[in-house]
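J.: Need a 3D model of the sequence below.
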Amino acid sequence: MQRILVVEDEFLVAIHIGSILEDDGLQVVGPVGSLLEAIKLASDENLDGALLDINIVGGRVDDVADILARRHVPFMFLTAYGRDHLPKNFSDATLVAKPFSARNLLEHVHNITAA
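T.: Reported below is the predicted structural model:
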């Protein structure tokens with residue numbers, strides 16, 4: 001079972017994402033709504049992929065993305081912000097815009113984890 005880290009600080013959105021992933025047979029790590037917890041999980045957990053909101057409680061997920069990249073864990077951004085708000089090192093990363101459909105989200109999750 002693939003393990004997907006979900007970093008999202010909006011409770012209802014996080015629960016919705018988790019439900020979509022679990023219904024598709026994926027194991028959700030989190031969801032987490034704090035940068036410190038996201039950094040710890042990104043550093044320590046065995047992960048097959050990650051979904052990152054860009055801003056978590058007013059802070060940016062750049063450090064989380066850096067950790068995942070160093071560990072060769074595929075990730076994508078799931079945000080209401082546009083591509084111009086992505087961390088500079090990851091401006092070409094997969095971006096799924098909020099609001100999103102379950103189908104669109106799962107398609108992108110499967111794309112990043114298959115690579």
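J.: list the contacts for the residue nearest the centre of the chain?
T.: Among the residues of the chain, the one closest to the centroid is Leu51, at 1.0 Å (CA atoms, centre = their mean). Neighbour list for Leu51: 4-8, 17, 75-78, 109 [criterion: CB atoms under 8 Å, 6 or more residues apart in numbering]. C-betas here are computed from N, CA, C, even on glycine.
J.: Which of these sits closest to Gln27?
T.: Ile4 (7.0 Å; CB to CB).
J.: Would you tell me what the next helix or strand after the helix or strand where that closest one lies is?
T.: Ile4 is part of strand 3-7, with elements assigned from DSSP states H and E. Using DSSP H and E, the helix or strand that follows strand 3-7 in sequence is helix 11-23.
J.: List the buried residues in that next one.
T.: Across helix 11-23, burial judged by 16 or more other CB atoms under 10 Å covers 13-14, 16-18, 20-21.
J.: How about stretch 40-54?
T.: Going by 16+ other CB under 10 Å, stretch 40-54 has these buried residues: 41-42, 47-54.
J.: before we move on, the earlier item: strands paired with the strand holding Ile4, and their directions?
T.: strand 27-32 (parallel), strand 49-52 (parallel) (DSSP bridges).
J.: ok so Asn46 is a strand residue?
T.: No - using DSSP: H, G, I helix; E, B strand; the rest coil, the assignment for Asn46 is coil, not a strand.
J.: That one and Arg3: what is the separation?
T.: Plainly put, Asn46 is 6 Å away from Arg3 if you go by CB to CB, to the nearest Å.
J.: Phe75 too?
T.: 13 Å.
J.: Comparing these two, which shows the higher neighbour count?
T.: Phe75 (26 against 16; other CB atoms under 10 Å).
J.: tell me the pLDDT at that one?
T.: Per-residue pLDDT puts Phe75 at 98.
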